[in-house]
Every structure is written in C-alpha cells, then in structure tokens.
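Fold the stuff below for me.
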Amino acid sequence: MALASISLILIISQLLLQIIKIDAKVSSIIVFGDSSVDSGNNNFIPTVAKSNFRPYDRDFDGGKATGRFSNGRVPTDFISEAFGLKKNIPAYLDPSYTIQDFATGVCFASAGTGYDNITSKVLSVIPLWKELEYYKEYQSRLEEYLGNQKASEILSEALYIISIGTNDFLENYYVLPHRQSQFSIEEYQNFLAGIARNFITQIYKLKARKISLTGLPPMGCLPLERTTNLAFGGNCIDRYNRVAINFNQKLQALVESLNKELSGLQLVLSSPYTILYDIIQNPYTYGFEYSATACCGTGRFEMGYLCDRHNPFTCSDADRYVFWDSFHPTEKTNGILANYAVKTTLAVFH
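Coordinates of the predicted model:
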C-alpha cells in the first residue's frame, strides 16, 4: 500500500507539471506585452532593459541567452507547445527569423513596457502602440507571403495573448511623481483599463477574435518589493496586492463588456494572481524551496545587468526557486502558470 501511495503521488506530481497537448483549433500564438512574455525583442533596441547574456536562459534549449527574463522559457512558449504549435515563440525584431517562422507564432512584447506610454519611456523600450504597429507590419508581410485568404484564416484563428501592466504600477505610478499628481490609484487603474479597451478593440478590427488578457500577479510578493519591506520582516506588500486584485476585477468587467459589444469576439481574462500567490505561500506543495528570494545573486534586488555571470551568489539549481531574478519567475514556475492557464481560462480555445 505504501508503494502504491508513493506511486500515486509521483503520478500526480508529473501531471501537475505536465503541459497538456491539445487538438489545436488555434493557428498561431501572437503575443503582446512586457518582460513576462518578451522573447528577445529588447535585444534589438537601445535600452538597458536586456537579458541577452548569461546566466539568463542558462536552462533554455542549448543554453543560449535569448533575451527572455528567466533561466529558460516564458509562459507563452509553454502555451504554444500546449496548443501543438512551436516550442518557442520567436521575437519579431530578431533578424534570424523570417515570416515563415512567424506564421505560427510571433512575439511583439518588450520588457519594461506598460499600457501607459510614460512607462515605456522610463527604460526607453517599445510602447504598446508601437507593438501594434509592428503587428500591422507583420500582417502585411503575412498576406504577401501566404496570400490574403490564407493569412486572414491564420489571423482570425490565432490566439492573441496580452500580458502587461505590472510595470505601470511598480516602475511608474509608485516611483515617479507625474501620474500620482494626475490620478488617484483608482483613477489610474481606470485610465489603464481604458487603454486596454482601446487596444483590444484595435486588434479586433485587425482580425483578432481569440484573445487572452492577462491580469496582474501578486506584485507585492515579488522579491524586489519584499526587499523594500525588510523593515517589516520582508513580507509581501499588501497594498500592492490589493491594487492587483482590484485592477484584475476591472479587467474582468472589461472582458464581459467587450464580449457583448464585439460580435464574434472570444475574450478571456487569464489571471495568474491566485495560482502564483498560492505557489509563493506554499512553495513545497509545488516542489519549490524558496519563494521570498530569487535564484540570481542575493535574490533580493538583482535583475537585468545586476544579474550577470560574474555574480557569485547565483544559485546552482533554479528549480528550487519560484523566482529567477527579483522580478521574474523561473522556467519551472512559468511552466506551472502556463499549464494552469491552459487547463482553465484557455480551455475555451481547445
């Protein structure tokens, strides 16, 4: 009986981490957003917000530093694989890829960006409106490559993933004075939700029909934010988490509204908040040991260039950690988050 119980536990553990293969009704994965899903676009723009150096991506296929802000793959890579498409989604600005590569998946995301244009200016990254311009360019290239009818079929059957918003609060509103002088935190959330509405409406007019809008994570529990709270024991900053919950509720209301307004639209809110918060509070349940600190460096403040190959404190096994650097999850965490999304909110696209 004991052996049977152990075997059952092992099977359940495998299933928990397994990315489901789906009989795909999705033609392609098209990604907009920030560092949570950027697969290397920032490598090709003049910004300090880069991660195209080791130890970033050290556990990626071949160990090549691609510009992903993790030790390996990001959630959208796992989601693409789950839908029976490519294992890794290429960055649109990477000249080593062609329109043929982009036909089944493409990423326009830029680390450090946000809904708010001011957020993108902080680190001189690609604003959301520019990501949309790149998508329009991609659409024209796809039509030229496949013809209008085939391209239209791919674009209308693609799954569009939007993952953005954390930087608007942690890199902009709570750090810089401009938006705080204009908006209360409630007003700023409404301002961002309005931008989200406009963006979704725009890509809908450009053939997008299957869209996943990603909510905010428990941003008060990111190691960097906990470091700023060391005087109070290094606990999660509840104020930031409450904002994330409130903003996610606004996004859910937006999803319900747009599904009624736009004919043929399938829009879902895919929120990582609940699952990631549970992982952080109960790391051992998910096979982790550390959730308050990250793998890279001291695990408290390093990310980007502070997390380089010369940092002597970086851990040897990232799978023991929920977070890779002070702001971004490990590949193992990304896989769990993606699997959860595939089995829940993204199930409508099976």
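
What does the closest residue in space to residue 195 that isn't next to it in sequence show for phi and psi?
Leaving aside its sequence neighbours, residue 195 sits nearest to residue 115 (CB to CB, 6 or more residues apart in numbering; 4.3 Å). Using the backbone N, CA and C atoms, a C-beta is placed for each residue, glycine as well. Phi and psi for residue 115, reported as degrees, to the nearest 10, are phi -60, psi -40.

My read is that residue 115 contacts residue 163, right?
No: applying CB atoms under 8 Å as the test, residue 115 and residue 163 come out as separate, 11.5 Å apart.

Show me the strands in this protein, by range?
29-33, 105-107, 159-163, 210-214, 266-270 (DSSP state E).

Between strand 29-33 and the third one, find me the angle.
The directions of strand 159-163 and strand 29-33 differ by 20 degrees, with axes from the mean of the first three to the mean of the last three CA atoms, to 10 degrees as the criterion.

now the angle between strand 266-270 and strand 159-163, please.
40 degrees.

same question, the fourth one
Orientation of strand 210-214 against strand 266-270 (the same axes, to 10 degrees) gives an angle of 20 degrees.

What pairs with strand 210-214, parallel or antiparallel?
Note on strand 210-214: by DSSP bridges, its sheet partners are strand 159-163 (parallel), strand 266-270 (parallel).

For it, give the mean pLDDT please.
The average of the pLDDT scores along strand 210-214 is 98.

Check the shortest one too.
The average pLDDT within strand 105-107 is 98.

contacting residues around that strand?
28-31, 37-41, 76, 80, 85-86, 89-92, 138 (CB atoms under 8 Å, 6 or more residues apart in numbering).

before we move on, what about the fourth one?
Surrounding strand 210-214, the residues in contact under the criterion CB under 8 Å, 6+ apart are 26, 33, 36, 157-165, 196, 200, 203-204, 251, 254-255, 265-272, 341, 345-346, 349.

pLDDT score assigned to the residue most central in space within the chain?
Within the chain, the residue whose C-alpha comes closest to the C-alpha centroid is residue 36; the distance, by CA atoms, centre = their mean, is 3.1 Å. Per-residue pLDDT puts residue 36 at 98.

now the helices: where do they sit in the stretch 1-150 of the chain?
Here the stretch 1-150 of the chain has its helices, by DSSP state H, counting those that start in this stretch, at 2-17, 75-82, 99-102, 117-122, 128-146, 148-157.

any idea which of those helices is most buried?
Highest mean neighbour count of the helices of the stretch 1-150 of the chain: helix 75-82, a mean of 27 (counted as mean count of other CB atoms under 10 Å).

so what does it touch, helix or strand wise?
Helix 75-82 is packed against strand 29-33, strand 159-163, helix 331-343, with contacts defined by 3 or more CB pairs under 8 Å, 6 or more residues apart in numbering; DSSP states H and E.

In TSV: those, plus mean neighbour count and distance to residue 320.
Listed next are the helices and strands packed on helix 75-82 as TSV, based on neighbours: other CB atoms under 10 Å; distance: least, CB to CB, whole Å:
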stretch	mean neighbour count	distance to residue 320
strand 29-33	27	27
strand 159-163	26	25
helix 331-343	23	9
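
got JSON lines for these, with mean pLDDT and distance to residue 175 too?
Shown next, in JSON lines, are these (pLDDT from 0 to 100; distance: least, CB to CB, whole Å):
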{"stretch": "strand 29-33", "mean pLDDT": "98", "distance to residue 175": "20"}
{"stretch": "strand 159-163", "mean pLDDT": "98", "distance to residue 175": "21"}
{"stretch": "helix 331-343", "mean pLDDT": "98", "distance to residue 175": "25"}
